[in-house]
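> pasting the structure only:
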């Protein structure tokens with residue numbers, strides 16, 4: 001659980017660790033100050049080190065310098081209660097709107113994974129899958145691995161690629177040419193050859209119940225932005241979050257039909273995360 005307070009000089013982020021399974025919550029025992037003069041954009045990630053049964057927080061500080069982004073990475077281990085500097089990302093990043101705003105990280109297989117645009121392709125104007133790379137941070141060793149995205153095509157992306165976890169597999173999704181939404185699945189984590197195209201759905205089917213003007217008040221994305229959340233147990237239905245408050249999409253793979261669903265709970269579906277029960281203490 002995160003809280004944030006503001007002064008003219010800095011933002012102070014504080015956290016508590018909450019375990020719904022044990023109904024326990026730690027005190028607000030860690031904080032980080034982001035000073036305005038440093039002009040950093042801070043992104044936080046939560047993970048679990050199964051080698052020590054320990055929760056960890058990862059802080060990624062992004063500082064834009066023209067088209068390039070400098071990174072600083074810190075780790076907080078529950079029990080140590082201090083922020084530690086670790087190596088920064090192993091690639092230089094190029095600024096892309098989604099890198100600063102989108103939920104581009106997932107936890108899987110004892111690692112936190114980000115999809116980022118790297119400098120090697122920054123001179124190319126059109127945005128294709130090959131211009132992104134997945135950076136995987138191992139929670140045990142606190143070292144990085146780079147994973148390539150599917151290399152089977154040169155499809156042009158309308159927005160950035162997004163990561164999710166579906167059926168316990170790392171998945172990559174993106175908007176192809178404003179006509180289709182595509183999901184790739186890495187069937188064996190860390191094995192680039194195991195990428196398999198899972199779904200390719202036309203937008204007229206997914207968004208048949210929506211009108212374009214509904215997205216005009218979205219300050220970050222002025223168009224529909226989809227995020228796959230989870231499959232049903234039988235694998236027939238996929239839930240998509242969308243960048244509209246209290247709304248999501250149910251897509252049935254068997255009949256290729258999508259249904260718009262609304263909630264009155266005032267929640268952002270796009271902020272939803274997968275939860276695995278654990279009895280590890282948060283104190």
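Perfect, I can see it now. What you are looking at is a predicted structure, and each value in this text was computed from that prediction instead of being measured.

> isn't residue 239 right next to residue 252, touching?
No - with contact defined as Cβ atoms under 8 Å, residue 239 does not count as touching residue 252 (10.9 Å). Every residue, glycine included, has its C-beta placed from N, CA and C.

> Compare these two and say which is more crowded by neighbours.
Counted by other Cβ atoms under 10 Å, residue 239 and residue 252 do not tie: residue 239 has more neighbours, with 17 against 13.

> So that one: helix, strand or coil?
Following DSSP: H, G, I helix; E, B strand; the rest coil, residue 239 is assigned to strand.

> same thing with the one 5 residues further on?
Three states are possible here, and by three-state DSSP the one that applies to residue 244 is coil.

> And residue 80, by the same measure?
Assigned with three-state DSSP, residue 80 falls in the coil class.

> Repeat that for residue 84.
Here residue 84 is strand, with the state taken from three-state DSSP.

> List the single closest residue to it in space, sequence neighbours excluded.
Among residues not flanking residue 84 along the chain, residue 75 sits closest, at 5.2 Å (Cβ to Cβ, 6 or more residues apart in numbering).

> Quick check: next helix or strand after the helix or strand bottoming out on mean pLDDT in the chain?
Within the chain, no helix or strand scores below helix 97-101, which has a mean of 52 by mean pLDDT, DSSP states H and E. Once helix 97-101 ends, the next helix or strand along the chain (criterion: DSSP states H and E) is strand 105-108.

> what's in contact with that next one?
Strand 105-108 has contacts (Cβ atoms under 8 Å, 6 or more residues apart in numbering) with 43, 45-48, 112-114, 163-165, 168, 170, 189.

> Turn the residues you listed into CSV, columns for neighbour count, distance to residue 9 and secondary structure.
Below are these laid out as CSV (neighbours: other Cβ atoms under 10 Å; distance: Cβ to Cβ, whole Å; DSSP: H, G, I helix; E, B strand; the rest coil):
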residue, neighbour count, distance to residue 9, secondary structure
43, 19, 21, strand
45, 18, 25, strand
46, 15, 27, strand
47, 22, 30, strand
48, 18, 34, strand
112, 20, 30, strand
113, 23, 33, strand
114, 22, 29, strand
163, 20, 34, strand
164, 20, 37, strand
165, 19, 38, strand
168, 10, 44, coil
170, 26, 39, strand
189, 17, 42, coil
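
> hang on, residue 204 in a strand?
No - assessed by three-state DSSP, residue 204 does not belong to a strand; its assignment is helix.

> burial count for it?
Residue 204 is flanked by 10 other residues according to other Cβ under 10 Å.

> What distance do you get for it to residue 169?
Separation of residue 204 from residue 169 (Cβ to Cβ, to the nearest Å) stands at 27 Å.

> so where's the stretch 1-150 of the chain shaky on pLDDT?
Scanning the stretch 1-150 of the chain for pLDDT under 70 picks out the ranges 1-8, 29-30, 35-38, 95-104, 119-127.

> what's the distance between the residue nearest to residue 84 and residue 48?
Relative to residue 48, residue 75 is positioned 13 Å away (Cβ to Cβ).

> Now do the strands in the stretch 1-150 of the chain.
2-6, 10-15, 18-19, 24-25, 30-35, 41-49, 54-65, 68-77, 83-86, 93-94, 105-108, 111-117, 132-138, 144-148 (DSSP state E, counting those that start in this stretch).

> Could you dump the contacts of strand 105-108 into TSV and include distance to residue 257?
Below are the contacts of strand 105-108 laid out as TSV (distance: Cβ to Cβ, whole Å):
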residue	distance to residue 257
43	36
45	35
46	35
47	36
48	37
112	35
113	31
114	33
163	26
164	21
165	25
168	26
170	27
189	31
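
> between those residues, which is closest to residue 55?
Among those, residue 48 lies closest to residue 55 (Cβ to Cβ), at 5.7 Å.

> Distance check, that closest one against residue 201.
Counting by Cβ to Cβ, the gap from residue 48 to residue 201 is 32 Å.

> Same question for residue 173.
Following Cβ to Cβ, the distance that separates residue 173 from residue 201 is 10 Å.

> Which neighbours do these two have in common?
By Cβ under 8 Å, 6+ apart, the residues touching both residue 173 and residue 201 are residue 181.

> out of those two, which sits in the busier spot?
Just comparing residue 173 and residue 201: by other Cβ under 10 Å the higher neighbour count belongs to residue 173, 22 against 19.
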